[in-house]
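>>> Give me the fold of what follows.
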Amino acid sequence: MEGVLAILTGTISVIGFFASVIYWVHMHYTSRHRERMALLESGQDASIFQKPSRPERVLKYGILLFSVGAGIFSGYLLEELGMNDEAAYFSMIFLCGGAGLISYYFFFLKRRAVEMSETL
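Predicted structure coming up:
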């Protein structure tokens, strides 16, 4: 009896998780549709829901993924040199990923300063 209960517990938890995710997605889209329909019925423009495109996000994720890859490679090199493998990989992934995000931040600040000086 305990074996059946263990199987049912796992099955019910997995089904419950996926049911809650599906329910959340359904509620998100139906409430969004209702809001937009209410705006259109009241004569207002629904363009407030349109997000402006941000091409710099692609650069941010590219730098982050490149840095994480460099961190994995650095972790491998440290592991080969005799360092504990978990410490080598995790420390290098976080250090290189953080350095990539910081470099993107400084790049974006410099770019914004150039754009502000051009508008003046």
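>>> chain center to the helix or strand where residue 17 lies: distance?
Following DSSP states H and E, one finds residue 17 within helix 2-41. Relative to the centre of its chain, helix 2-41 is centred 21 Å away, using Cα atoms, centre = their mean, to the nearest Å.
>>> What of stretch 69-86?
25 Å.
>>> Ok, stretch 89-103 next?
16 Å.
>>> quick revisit: need the contact partners of the very next helix or strand once past the helix holding residue 17.
Next helix or strand after helix 2-41 toward the C-terminus (DSSP H and E): helix 56-80. For helix 56-80, contacts defined as Cβ atoms under 8 Å, 6 or more residues apart in numbering pick out 85, 88-101, 103-104, 107-108. Bear in mind the C-beta positions are built from the backbone N, C-alpha and C, glycine included.
>>> Please list only the buried members of those residues.
88, 89, 91, 92, 93, 96, 97, 100, 104 (16 or more other Cβ atoms under 10 Å).
>>> Could you look up the SS state of the last one?
To tie it back to what came earlier, the one meant is residue 104. Under DSSP: H, G, I helix; E, B strand; the rest coil, the three-state class of residue 104 is helix.
>>> Please tell me how far it sits from residue 44.
Going from residue 104 to residue 44 by Cβ to Cβ, to the nearest Å gives 37 Å.
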